[in-house]
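Q: sequence isn't available, so here's the structure alone:
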DNA sequence: CTTGACCTTCCTACGAGGGGAAGGTTTATC
DNA sequence: GATAAACCTTCCCCTCGTAGGAAGGTCAAG
């Protein structure tokens, strides 16, 4: 199986597969004589695991940790669980942050009549000195 | 007021202020004879507006749009409102995505006994073929 | 033999900055 | 007036997880 097929099979892109190899998340793939990467079903299995972990929001680095646990047949399930719960807490923190923004935005929007007139409490609030840091608790976290 | 003071005053970093200038989000600052950037209270006002917008999760590009609306004294408040509501919908979409991950993780973790034994339903699930794409709806969205 | 669909490596860009080097300026203290 | 600390300047490279594309090699079908 070459990289394109492996990509279709796993829901990743060929680019991603090469990238994961380049950063050492997966072992270098076998190669044909002409240099094409070759994937066995066991490699596909690993790639699917990776895609699943990424889909659950684990970073690539965390995914490497999970892969190591997966391959370590003597791991304690408690280790996996704490890994998962730690990540869950991260996600919940992110959600809380986004919800703070949503609350503020909803509040501001609800006070804006939203017609053709120029006066707008949303802009007024954003421009007001007192509002600085109100809905931006502590740090300006990475958005996206 | 030089850049360091302006940064402290607005809650941004000096790097960010230079960056915003470099990408054209703000006008090039005035300079002293020796080349130091100088900020007037009106510039500080703008920087605070930016910080507030970023704190509400608007991208820099969206912030540029908001700034333009802010400066346009003839804008319709409806434009601002729709801008805000669009962003709100984006945030809500992001939250829903994260919550999907959380739900799955909570479910998986609740089925893991979390003791010293190696068998772990979390890893089992992640490795199972059928689970592919289950909690990763459609695209693998950028995490962080 | 040619065409098109693959594959390879390498380089660039994104967003939103952070870190730090090398060097100039300003301010406070002695 | 000298010196040291604390500023400032530009410049370039790093992050993270990809995507896009150029230049060139390979493979299967017609």
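A: Yep, that arrived. Everything quoted here is computed from the prediction, not taken from an experiment.

Q: what residues are up against the residue most central in space within chain A?
A: Nearest to the mean C-alpha position of chain A, by C-alpha atoms, centre = their mean, lies residue A:57 at 4.0 Å. Listed by C-beta atoms under 8 Å, 6 or more residues apart in numbering or on different chains, the contact set of residue A:57 reads A:87, A:90, A:91, B:98, B:101, B:143. Any C-beta I mention is one placed from the backbone N, CA and C, and that applies to glycine too.

Q: return the member of those residues nearest to DNA strand C.
A: residue B:143 (11.3 Å; C-beta to the nearest atom of the strand).

Q: which one is residue A:111 nearest to, not counting chain neighbours?
A: Spatial nearest neighbour of residue A:111, excluding adjacent residues (C-beta to C-beta, 6 or more residues apart in numbering or on different chains): residue A:121 at 4.5 Å.

Q: buried only: go through the contacts of residue A:57 for me.
A: A:87, A:90, A:91, B:98, B:101, B:143 (16 or more other C-beta atoms under 10 Å in any protein chain shown).

Q: reformat those residues as a markdown table; add pLDDT, distance to residue A:71 and secondary structure.
A: Listed next are the buried ones among the contacts of residue A:57 as a markdown table, based on pLDDT from 0 to 100; distance: C-beta to C-beta, whole Å; DSSP: H, G, I helix; E, B strand; the rest coil:
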| residue | pLDDT | distance to residue A:71 | secondary structure |
| --- | --- | --- | --- |
| A:87 | 95 | 19 | helix |
| A:90 | 94 | 24 | helix |
| A:91 | 95 | 25 | helix |
| B:98 | 96 | 28 | helix |
| B:101 | 95 | 23 | helix |
| B:143 | 40 | 23 | coil |
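
Q: farthest pair within these?
A: A:87 and B:98 (11.2 Å; C-beta to C-beta).

Q: which residues in chain A form helices?
A: Secondary structure of chain A by DSSP state H: the helices cover A:3-10, A:14-22, A:41-55, A:60-71, A:77-110, A:121-127.

Q: could you check how far residue A:120 is from chain B?
A: Relative to chain B, residue A:120 is positioned 4 Å away (C-beta to the nearest C-beta, to the nearest Å).

Q: with adjacent residues omitted, what lies nearest to that residue?
A: Nearest residue to residue A:120, sequence neighbours excluded (C-beta to C-beta, 6+ apart): residue B:77, at 3.8 Å.

Q: show me how chain A divides into domains.
A: A:3-71, A:84-131 (automatic domain parsing).

Q: tell me which of these sits nearest to residue B:126.
A: domain A:3-71 (4.7 Å).

Q: how long is the closest one from one end to the other?
A: 23 Å (C-alpha to C-alpha, to the nearest Å).

Q: now the helices of chain A in a markdown table, with distance to residue B:7?
A: Formatted as a markdown table, the helices of chain A follow (distance: least, C-beta to C-beta, whole Å):
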| stretch | distance to residue B:7 |
| --- | --- |
| helix A:3-10 | 45 |
| helix A:14-22 | 36 |
| helix A:41-55 | 36 |
| helix A:60-71 | 31 |
| helix A:77-110 | 23 |
| helix A:121-127 | 19 |
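
Q: of all those, which one is nearest DNA strand C?
A: When the helices of chain A are compared (using C-beta to the nearest atom of the strand), the closest one is helix A:3-10, at 2.4 Å.
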